[in-house]
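Asker: With the input below, show me the fold.
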Amino acid sequence: MVLSGALSKTGYQIGFIKSLLKYIDREEIKVITGSSMGMLCGYALAADKMETFEVFFRNIDVKNRHRLLYNVLFKNLVSREMREFVNNKDHVSIPLAFPVCYIPICNVQYYWLSGEYDPIWFRYMIAAINNPILHIFPSFLNKRFAIDGGAADNIPLFPLLAHGRSYLPSEDNFDLIVVMHFDARYDYRSEFSTDIPILELDLSICNDFNKNHYDFSSRFVDEMIVSAERYGDRIFGQLFAGDFSKEYFQKTIDEIFMAEHALRQKNMSADRLVTLLNHIGKYLRKDSDCNKELY
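Answerer: I've put the predicted structure just below:
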């Protein structure tokens with residue numbers, strides 16, 4: 001499973017995952033990657049804390065960018081809520097990877113978590129969401145300035161499909177990769193070649209591409225979660241109706257893609273700009289030495 005950076009749109013990911021877990025057991029998910037707020041959502045799933053994460057996400061309850069900045073700057077909003085959400089009772093039973101971007105050279109590292117909670121995790125997780133909207137104060141890791149991993153890889157499919165294989169099950173054991181993002185024109189084929197069926201979706205399609213990036217209000221969060229859960233019921237009802245073979249998955253994914261393609265091509269948002277800027281980080285990435293363990 002891959003969860004892109006999303007800001008408030010993480011609500012769509014919460015609803016979509018709620019739907020997914022009606023069709024499969026959480027234990028069937030072998031590995032998760034996530035960027036920025038998608039990393040937190042992925043952590044919740046990996047540590048079996050989705051209900052707690054939904055409460056954490058709803059507690060933000062801020063409607064616009066200016067109120068969000070005020071709460072982050074003067075009330076330490078996200079860090080305060082994260083300290084309640086991420087704690088020493090956690091056990092990450094599904095391996096989780098997330099990117100952190102180091103500047104000024106835009107070098108990206110992917111950090112892996114698994115097992116019992118280690119206090120060092122929090123420092124790296126805070127760095128992974130370190131942007132002016134979510135965490136105003138700078139992060140330093142290994143004497144380097146670290147920022148939100150979405151600046152270099154906002155849809156972190158790379159750790160699953162290239163290098164770092166020692167961290168993962170054999171590629172033959174992957175039946176399906178589910179990618180949840182918000183760039184309607186994203187196409188993983190421009191970067192990767194694989195025989196694994198990949199279901200990649202701009203989740204905001206379920207709500208007419210409504211991408212109020214900074215609206216964390218309870219009304220919009222409810223709207224996102226409900227619409228994404230309904231969308232997930234439709235997608236997974238179709239995807240899991242067959243024989244669970246890779247051939248069936250690929251055929252169904254192609255049908256879903258063709259049904260949504262025209263609508264996706266008409267949509268353009270700031271998420272597309274992030275994807276394009278990510279080319280810089282990927283160009284500067286040291287592919288052979290960018291996966292690191294934190295356990």
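Asker: Does residue 232 touch residue 15 like I think?
Answerer: Yes - using C-beta atoms under 8 Å, residue 232 is in contact with residue 15, at 6.7 Å. Using the backbone N, CA and C atoms, a C-beta is placed for each residue, glycine as well.
Asker: Spatially nearest residue to residue 122, not counting backbone neighbours?
Answerer: Take residue 122 and drop its neighbours on the chain: the residue closest to it by C-beta to C-beta, 6 or more residues apart in numbering is residue 86, 5.8 Å away.
Asker: element containing residue 175?
Answerer: Residue 175 is part of no helix or strand when elements are defined by DSSP states H and E.
Asker: Just the local confidence number for it, please.
Answerer: pLDDT, the model's per-residue confidence, is 91 for residue 175.
Asker: Over to the one 5 residues further on?
Answerer: If you check residue 180, the pLDDT there is 97.
Asker: Name all residues that make contact with the residue nearest to residue 122.
Answerer: 43, 117, 121, 122, 125 (C-beta atoms under 8 Å, 6 or more residues apart in numbering).
Asker: And for residue 265?
Answerer: Neighbours of residue 265 in contact, by C-beta under 8 Å, 6+ apart: 184, 185.
Asker: So which of the contacts of residue 86 belong to helices?
Answerer: 43, 121, 122, 125 (DSSP state H).
Asker: For residue 256, see how far away the residue nearest to residue 122 is.
Answerer: Distance, residue 86 to residue 256, using C-beta to C-beta, to the nearest Å: 34 Å.
Asker: How about residue 193?
Answerer: Taking C-beta to C-beta, one finds residue 193 at 20 Å from residue 256.
Asker: These two: who's more crowded?
Answerer: Comparing residue 193 with residue 256 by other C-beta atoms under 10 Å, the one with more neighbours is residue 256, at 16 against 7.
Asker: my read: that one touches residue 237, true?
Answerer: No - between residue 256 and residue 237 there is no contact under C-beta under 8 Å: 11.4 Å.
Asker: Where do the strands of the stretch 51-200 of the chain begin and end?
Answerer: 91-103, 107-116, 139-141, 144-148, 177-181, 198-202 (DSSP state E, counting those that start in this stretch).
Asker: Quick check: residue 147 touching residue 101?
Answerer: Yes - here residue 147 reaches residue 101: they are 5.1 Å apart, a contact under C-beta under 8 Å.
Asker: Looking at these two, which has the bigger crowd around it?
Answerer: The neighbour count for residue 147 versus residue 101, taken as other C-beta under 10 Å, is higher for residue 101 (27 against 21).
Asker: could you list every residue that touches that one?
Answerer: Neighbours of residue 101 in contact, by C-beta under 8 Å, 6+ apart: 107, 108, 146, 147, 148, 149, 150, 151, 152, 153, 281.
Asker: That concludes my questions; thank you for your assistance.
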